[in-house]
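Enquirer: Okay, here's the prediction I keep looking at, along with the sequence it came from:
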Amino acid sequence: MAVTCTVITALLLVYIAAEDVSPTKRLYIFGLVFSLVAFYWIPQTLQYFGGFPRWLSYLLFAVYCLLSSLQFVLCAYLLKKLKPTLLGRWQVAFPLAWLITEMFWPRLFPWNFAHPLISWTSFSALAEVTGVYPLSFLIFWWASVMLSVGQKKLSYRDKKVLFPLCLFVIVSLGGHWRSRYFVQLEQSLPLAKIGIVQGNLEAVEKNDLKLFSANIKTYQDLSTKVLAAGAEILVWPEAVINHWTPVEAKNVRGYKFDPFPSLQTPLIYGAMAYQRKDSESKDSDYYNSAIGLDAQGNILGLYHKRILMPFGEYMPFAQWLPQLKDLSPQTGDFTAGDKVGVLSLPLEEDGRSVKAGLLICYEDLIPSLARNSALAGADVLVNLTNDAWYGHSAASEQHHLLAMWRAIETRRYLLRVTNTGYTGVVNVFGRTVESLPIFTSGIILASIRQYSLQTFYTLYGNLVSWLIILILLPISLKKIKER
């Protein structure tokens with residue numbers, strides 16, 4: 001269904017771009033409608049997460065939609081320049097215009113047109129080489145050719161049709177072959193059993209210090225069940241512990257910030273951490289962190305979230321206009337971390353360890369962060385999230401869909417461990433093999449394979465996207481000069 005809808009949308013956009021001499025207005029309206037429908041949950045989240053008044057939340061949402069729709073305007077502008085060139089004849093003017101805008105237009109929620117195509121396994125497998133941007137380029141290229149053939153502007157025997165058709169066959173066969181390779185490889189890789197816990201605590205409950213003991217007991221009781229099922233490592237979601245943990249702490253036993261005093265299994269959990277700026281000052285830096293413990297409660301490492309959410313974890317421009325904080329009283333004052341987080345957690349039975357690449361909340365939407373973790377030695381990606389702020393909206397599923405691509409790009413299992421959902425286990429094919437219903441408490445005993453190979457995309461990032469741009473743009477410029 002998602003693949004069909006995406007292809008139809010691609011054909012519609014290509015049709016608008018092809019039939020209108022100046023499609024700027026139509027594309028802008030399309031982008032505006034898309035933003036309004038896809039991100040309808042933003043006002044509610046701003047009220048819930050940042051404490052904004054209702055009127056301001058909707059005003060900010062309107063501004064967001066107007067600005068994000070400018071991506072379509074930029075695409076139309078580039079298309080106008082590229083369409084009269086050789087690129088237009090080869091049906092790649094619109095695909096290239098889209099690729100450039102998708103790569104460079106800043107987006108708060110970094111969606112890509114190809115994201116819904118993850119279930120098309122033989123196609124999405126290409127992301128381990130190219131990333132997602134070139135997949136959007138290919139979809140629009142094929143849609144442009146299909147439309148031209150359907151309108152009889154091109155013959156199906158034309159080389160402008162045969163070349164992308166051959167490329168389609170090559171991509172499909174290559175993706176199928178690659179998927180079979182990983183099916184065989186999986187059987188020879190080390191297996192680890194990781195217990196995932198979703199406590200289902202509403203944001204109001206979670207932040208109520210009076211309920212702190214009860215909240216932690218919820219996670220402890222669920223953990224006991226998954227440990228009994230055979231979990232070798234436990235993972236809890238973002239910001240489970242409300243007691244602040246000092247960065248310099250070496251062991252949690254005997255302190256208020258100990259999440260599970262009787263636990264004798266390694267644990268990864270989300271917590272708030274702080275660090276004094278200097279020995280004499282009372283000022284501190286505050287972090288949204290992930291902490292790893294061994295079976296004795298020793299702290300194996302702390303990872304501080306690197307990409308902070310505006311209007312929730314910090315207020316933009318507040319350093320110059322402190323009055324802005326009055327508009328959002330719930331917005332925090334966190335400091336961003338600056339280091340890759342890879343924790344090595346021992347498996348006591350055979351002396352092996354799991355190297356977890358840690359990502360917190362929004363960070364699983366940023367390909368470069370997952371790549372950095374894989375390059376630093378991570379053999380599994382672990383995302384700790386609290387999406388309770390989204391409420392009963394589509395945002396949790398959208399977040400999960402976009403994050404699933406990190407598993408294909410790096411060929412690592414991705415464990416998404418959330419407070420209220422979407423909690424799931426994504427394998428290296430980008431398939432969610434286990435999940436928990438949203439807004440329910442539950443556990444997963446995830447059996448994951450530990451991958452150590454480095455994909456082309458992990459090593460070189462968006463190199464293929466840059467090559468497409470650098471190869472095609474000079475062709476258009478030369479043609480424009482000749483005209």
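Expert: Structure received. Here the structure is a predicted model, which means the values were calculated and not measured. Numbering: from 1, shown residues only.
Enquirer: where in the protein is pLDDT low?
Expert: 1, 19-21, 50, 203-211, 279-281, 311-332, 349-350, 478-483 (pLDDT under 70).
Enquirer: Name the SS class of residue 357, please.
Expert: With DSSP: H, G, I helix; E, B strand; the rest coil as the basis, residue 357 sits in strand.
Enquirer: And for residue 106?
Expert: Per three-state DSSP, the secondary structure class of residue 106 is coil.
Enquirer: Now do the strands in this structure.
Expert: 191-198, 233-235, 241-246, 267-276, 284-293, 299-304, 342-346, 353-360, 380-385, 414-418, 423-426, 432-436, 442-449 (DSSP state E).
Enquirer: Check which residues of stretch 59-79 are buried.
Expert: Residues of stretch 59-79 classed as buried by neighbour count (16 or more other Cβ atoms under 10 Å): 60-61, 64-65, 68-69, 71-79. Quick note: C-beta positions are derived from backbone N, CA and C, even for glycine.
Enquirer: Let's see that stretch as CSV, backbone CA atoms only.
Expert: The C-alpha coordinates for stretch 59-79 follow below in CSV (Å, rounded to 0.1, in the frame of the first residue of the first chain):
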residue,chain,number,x,y,z
LEU,A,59,0.9,30.1,14.9
LEU,A,60,4.3,28.2,15.0
PHE,A,61,2.7,25.3,13.1
ALA,A,62,1.4,27.7,10.4
VAL,A,63,4.9,29.3,10.1
TYR,A,64,6.4,25.8,9.9
CYS,A,65,4.1,24.7,7.1
LEU,A,66,4.7,27.9,5.1
LEU,A,67,8.5,27.6,5.4
SER,A,68,8.7,23.8,4.8
SER,A,69,6.6,24.2,1.7
LEU,A,70,9.3,26.5,0.2
GLN,A,71,11.2,23.3,-0.5
PHE,A,72,8.8,22.7,-3.3
VAL,A,73,9.2,26.3,-4.5
LEU,A,74,13.0,25.8,-4.7
CYS,A,75,12.4,22.6,-6.6
ALA,A,76,10.2,24.4,-9.1
TYR,A,77,12.9,27.1,-9.5
LEU,A,78,15.6,24.6,-10.2
LEU,A,79,13.3,22.7,-12.6
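Enquirer: For residue 468, see how far away residue 294 is.
Expert: Per Cβ to Cβ, to the nearest Å, residue 294 is found 46 Å from residue 468.
Enquirer: what about the two, which has more around it?
Expert: residue 468 (22 against 17; other Cβ atoms under 10 Å).
Enquirer: Distance from the chain centre to stretch 286-303, please.
Expert: Relative to the centre of its chain, stretch 286-303 is centred 23 Å away, using Cα atoms, centre = their mean, to the nearest Å.
Enquirer: try stretch 412-421
Expert: 11 Å.
Enquirer: ends of it, how far apart?
Expert: Chord length of stretch 412-421, first to last residue, is 21 Å (Cα to Cα, to the nearest Å).
Enquirer: likewise stretch 426-445?
Expert: Per Cα to Cα, stretch 426-445 runs 13 Å from first to last residue.
Enquirer: can you check stretch 177-194 too?
Expert: Stretch 177-194: ends 29 Å apart by Cα to Cα.
Enquirer: Contacts for it next, please.
Expert: Applying Cβ atoms under 8 Å, 6 or more residues apart in numbering, the contact partners of stretch 177-194 are 121-122, 125, 128, 230-235, 347, 352, 354, 380, 411, 415, 428-429, 445-451.
Enquirer: and if we set it to 6 Å?
Expert: Residues outside stretch 177-194 that contact it (Cβ atoms under 6 Å, 6 or more residues apart in numbering): 121, 125, 230-233, 354, 428, 446-450.
Enquirer: could you flag which of those residues are buried?
Expert: By neighbour count, with 16+ other Cβ under 10 Å, those hold 121, 125, 231-233, 354, 428, 446, 448-450 as buried.
Enquirer: Now flag whichever of those residues is closest to residue 196.
Expert: The closest of the buried ones among the contacts of stretch 177-194 to residue 196 turns out to be residue 446 (Cβ to Cβ; 5.8 Å).
Enquirer: contacting residues around that closest one?
Expert: Residue 446 touches 194, 196, 425, counting by Cβ under 6 Å, 6+ apart.
Enquirer: number of nearby residues for the residue nearest to residue 275 when sequence neighbours are not counted?
Expert: Nearest non-adjacent residue to residue 275, counting by Cβ to Cβ, 6 or more residues apart in numbering: residue 247, 4.1 Å away. Using other Cβ under 10 Å, residue 247 has 15 neighbouring residues.
Enquirer: Roughly how far does residue 247 sit from residue 359?
Expert: Counting by Cβ to Cβ, the gap from residue 247 to residue 359 is 19 Å.
Enquirer: Nearest to residue 47 among the contacts of stretch 177-194?
Expert: residue 446 (34.2 Å).
Enquirer: Tell me the bridge partners for the closest one.
Expert: residue 194 (DSSP bridges).
Enquirer: out of the contacts of residue 446, who has the most neighbours?
Expert: Neighbour tally across the contacts of residue 446 (other Cβ under 10 Å): the maximum, 29 neighbours, falls on residue 196.
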